[in-house]
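> The sequence and its predicted three-dimensional model are supplied below.
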Amino acid sequence: MTARGVAAVGVLVIVAFFAVLLTQRDARLSGTNLTANRELVALLEGGQQACQDQELLPGDTAALQLNVGVTGAGPPLSATVTGPDGATLTRGRLAPGWRRGEIRIPVARVASSVEDVRVCIRNDAPAQGGRAIDLGGQAFELGQSTEVAGKLQENQHVRIDYLRPGRESWLRLTPTIVSRFSLGKPGPLRHWEWIAVLLLMVGCAWLAVRTILSTSSPTGDSAPRTR
């Protein structure tokens, strides 16, 4: 196969790969509290809850995802998110029977982002004889705290991921990604910067293909010389 043929096949493989990647449907994040998920940091007995203040509740949130440790089948859990004024923004419940690992608590969808909210995760098992759970996050995180069973635990934080409703492909999320790409970028051209990045990526791919073709094409100088 010629160099042009190899380059053409390579481009087709790359295009096919991105086509499959962009059309795959799965649960997508609307945001996260940027806490590492390294260890279990909050033990909740039956009837106890863990709360964290100053959370950012992203728009289009329909579920909360946490890493939870438990022995056997998990107890019922509930989540409540309240705004700075104390009003309930959303809430939800997870039925018992789940297993340890990443769990999702569905909540009523929130359309717009809200800052400085309070997120509480409650173990709804009975106070006596109920199954205890551990919430995952990061210990020794300076400046952060978690209120566990009414007691403030400094320098630790529970990891919370916020999920969008349903299962979506990256292709369907393109308008949202483009909109968020412009956030935090100054100047009148911030809404067009994503086009510049896309053109830069295409240009780099074109230069790579051109370099391969130019270095692999036979020339008179490439033939070995003998005396």
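Arrived safely. Predicted model, so just to flag it, every value in this text is computed and none were measured.

> Could you identify the helix or strand that succeeds the lowest-mean-pLDDT helix or strand in the chain?
Across the helices and strands of the chain, mean confidence by mean pLDDT, DSSP states H and E is lowest for helix 174-181: a mean of 65. Using DSSP states H and E, the next helix or strand after helix 174-181 towards the C-terminus is helix 193-216.

> Can you list the helices and strands that that following helix packs against?
Using 3 or more Cβ pairs under 8 Å, 6 or more residues apart in numbering; DSSP states H and E as the contact test, the elements touching helix 193-216 are helix 3-23, helix 174-181. Glycine gets a C-beta too; all of them are placed from N, C-alpha and C.

> looking at those helices, which has the lowest confidence?
Note on the helices and strands packed on helix 193-216: lowest mean pLDDT is at helix 174-181, with a mean of 65.

> Which residue lies nearest the spatial centre of this protein?
Most central in the chain under Cα atoms, centre = their mean is L29, positioned 4.2 Å from the mean C-alpha point.

> From R4, how far out is it?
Counting by Cβ to Cβ, to the nearest Å, the gap from L29 to R4 is 41 Å.

> what's the answer for C120, then?
Counting by Cβ to Cβ, the separation of C120 from R4 is 62 Å.

> more neighbours, these two?
Each of C120 and R4 has its neighbours counted (other Cβ atoms under 10 Å); C120 has more, 16 against 13.

> What pLDDT is listed against that one?
Value for C120, per-residue pLDDT: 98.

> what's the answer for S214, then?
77.

> which residues does V117 bridge with?
Counting by DSSP bridges, V117 forms beta bridges with E55.

> Equivalent analysis for the one 4 residues further on, please.
Here I121 sits in beta bridges with A50, A79, as judged by DSSP bridges.

> and it, how many neighbours?
Neighbour count of I121, defined by other Cβ under 10 Å: 25.

> Over to the one 3 residues further on?
Around D124 sit 17 other residues, with neighbours defined as other Cβ under 10 Å.

> distance of the nearest residue to T23 once chain neighbours are set aside from F17?
In space, T23 comes closest to S169 once its chain neighbours are excluded; the distance is 5.1 Å by Cβ to Cβ, 6 or more residues apart in numbering. As judged by Cβ to Cβ, S169 and F17 stand 15 Å apart.

> do Q24 as well
11 Å.

> Would you mind pulling up the elements that the helix or strand harbouring T146 packs against?
Per DSSP H and E, T146 falls inside strand 145-148. Secondary-structure packing of strand 145-148 (3+ Cβ pairs under 8 Å, 6+ apart): strand 39-44, strand 49-57, strand 151-154, strand 156-158.
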